[in-house]
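# Sharing a model prediction with you, sequence too.
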Amino acid sequence: MCGIVGVVSNAPVNQLIYDALLLLQHRGQDAAGIVTQQERKFFMHKAKGMVKDVFRTRNMRTLLGNCGLGQVRYPTAGNAFSEEEAQPFYVNAPFGIVLVHNGNLTNAHALKRELFTVDHRHINTESDSEVLLNVLAHEVERTTRGMPLKPEHLFEAVRNVHLRVKGSYAVIALIAGHGVLGFRDPHGIRPLCMGRSAGNVVLASESVALEGTMHQFERDIEPGEAVFIDLEGNVQEKQCADSPKLNPCIFEFVYLARPDSVMDGISVYQARLNLGETLAKRVISTVPPSDIDVVIPIPESSRPSAAQLAQLLGLPYREGFVKNRYVGRTFIMPGQEVRKKSVRQKLNAIASEFKGRNVLLVDDSIVRGTTSREIVQMARDAGAKKVYLASAAPPVRFPNVYGIDMPTSSELVAHDRNVEEIRAIIGCDALIYQDVEGMKKAVGSLNAAIADFDASCFDGIYVTGDITGDDITRLRETRGGSQEEQDDASRLALPNFVE
């Protein structure tokens, strides 16, 4: 999962891209990068770290031009510890292309081999985004064959990319001297939308990046569709996939996206309210509401679900945990005791909301379970008589291969365990999960055009239809770093997965 943005304007775009990346910071905290273009020359700065730390005044002054791209990175493939794998990526032929990518290619290993043996292209990192860039560059070269570049060449190239590439990908590419190309995989797993203002056309991962920079949201890019924005801001678009289907990642609505975004016609905030409503029915079947004194969310993305659940059950809703927003990923934490300390640094219980009460904690999801166990213990230490835990998402039982860092079953507390076994590990008095169909209905009811979601981490169904056990093993191996580093990085990669 990453955040991407692309802009064509009649004015300098460096500040606009920076502002948009700040609004997408929740989608990636590992690295950030911006590239701009002026007179066919690219100006790029990228590094590990948060947006505010990567870009200083001296860096911003060098980013010249009226069009450009930006990305915030959350690594799921390649070496999470390498600054070389920060995006954007650049290739000088044909024309000069830079690219940012949100998603995960499931056949990157085969493509890398093809690029070397057939296309005679060199890949210098372990990043699947560099693979995707070179596939795109090769297909653009094939379609133009030395002729001046036209939009129809790009659309044909994207069609060929769809035929070669498997997995999830929302892409924005800047072609030197021509404009910005955006496209989305034929299943629409990862989001991409477009907006405008006077003199600007913007592509971004979420609508909040448009609205927060004073642009009018126009529409989502369709699955398989490509759009080309020339340097004058003219937009051309074409469907480039033979059988596109809209199967967005449901975890975007559960956790990943900002609540003030609208994605594929669905308000993320309303989706989370709906999840709270269906979860309330599950709670009633497990714990009588009369046994619950108060409902408390685990910050932050569970708040809408918790509030809706409390209202429907007629129970008080209270903020029982305070989150320290200023504890970041400053180092790798090697031991379990140190990890527990990190949870306590990031969350602190308000004792008066717990003392002598039976509390129902509501979380957006439970992945590895270590954070949940520590938070349950925090509630007990604060004086709770009983601690019930409800998850707005179903059990996470399967690896995710489309851009969320859930790569192995062994890391998932729900894999091959029933609810009672999970409850015992976490240490709560009752554990209530959302069910898969209830989750899909709660979110899908907000847009009838969505026939189904990618919910592979919950139901084990991979919508691209090409995933095997060997693929999952290979994807695990591409994460890079030692086993201990990989496990620690995955626990720290997202701000709410403090595990």
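Yep, it's here.
# what stretches of the chain score poorly on pLDDT?
75-82, 327-341, 406-407, 474-499 (pLDDT under 70).
# domains of it?
3-245, 272-323+333-446 (automatic domain parsing).
# With mean neighbour count as extra columns, can I get those in TSV?
Placement of C-beta: from N, CA and C, glycine included. As requested, the domains of the chain are exported to TSV (neighbours: other C-beta atoms under 10 Å):
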stretch	mean neighbour count
domain 3-245	21
domain 272-323+333-446	20
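# so which of those gets nearest V262?
Minimum separation from V262 across the domains of the chain (C-beta to C-beta) falls at domain 3-245, 4.9 Å.
# closest one to D470 among the domains of the chain?
Nearest of those (C-beta to C-beta): domain 3-245, 10.1 Å.
# quick one on the thing from earlier: any idea which of the domains of the chain gets closest to R258?
domain 3-245 (5.0 Å).
# Okay, now the closest one: how far is its last residue from its first?
Distance between the two ends of domain 3-245: 22 Å, counting by C-alpha to C-alpha, to the nearest Å.
# Find out how far it is from the centre of the chain, if you would.
From the chain centre to the centre of domain 3-245 is a distance of 15 Å (C-alpha atoms, centre = their mean, to the nearest Å).
# if I pick the residue lying closest to G427 once chain neighbours are set aside, what's in contact with it?
Among residues not flanking G427 along the chain, V376 sits closest, at 5.1 Å (C-beta to C-beta, 6 or more residues apart in numbering). The contact partners of V376, taken as C-beta atoms under 8 Å, 6 or more residues apart in numbering, are L361, V387, L389, I426, G427, C428.
# which one of the residues you listed is nearest N104?
Distances from N104 to these, taken by C-beta to C-beta, are shortest for I426, at 28.6 Å.
# Tell me if I'm right that that closest one and T371 touch.
No: using C-beta atoms under 8 Å, I426 is not in contact with T371, being 9.6 Å away.
# Could you tell me which residues make contact with the residue lying farthest from the centre of the chain?
Here the chain reaches farthest from its C-alpha mean at G356, the gap being 38.8 Å by C-alpha atoms, centre = their mean. Neighbour list for G356: G383, K385 [criterion: C-beta under 8 Å, 6+ apart].
# State the helix or strand in which it lies.
Of the helices and strands defined by DSSP states H and E, none includes G356.
# Just read off the phi/psi values of it.
phi 70, psi 10 (degrees, to the nearest 10).
# can I get the CA coordinates of the strand or helix carrying H109 in PDB?
Using DSSP H and E, H109 falls within helix 108-117. Extracted in PDB, the C-alpha atoms of helix 108-117 (Å, rounded to 0.1, in the frame of the first residue of the first chain):
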ATOM      1  CA  ALA A 108       7.200  -9.900 -10.800                       C
ATOM      2  CA  HIS A 109       9.700 -12.800 -10.700                       C
ATOM      3  CA  ALA A 110       8.700 -14.100 -14.100                       C
ATOM      4  CA  LEU A 111       8.500 -10.600 -15.600                       C
ATOM      5  CA  LYS A 112      12.100  -9.800 -14.300                       C
ATOM      6  CA  ARG A 113      13.300 -12.900 -16.100                       C
ATOM      7  CA  GLU A 114      11.400 -11.900 -19.300                       C
ATOM      8  CA  LEU A 115      12.800  -8.400 -19.200                       C
ATOM      9  CA  PHE A 116      16.400  -9.700 -19.000                       C
ATOM     10  CA  THR A 117      16.200 -12.600 -21.500                       C
END
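# Against which helices or strands is that helix packed?
helix 128-144 (3 or more C-beta pairs under 8 Å, 6 or more residues apart in numbering; DSSP states H and E).
# what sits against the closest residue to D19 other than its chain neighbours?
Leaving aside its chain neighbours, D19 sits nearest to T213 (5.2 Å; criterion: C-beta to C-beta, 6+ apart). Applying C-beta under 8 Å, 6+ apart to T213 gives the contacts L16, D19, A20, L23, V202.
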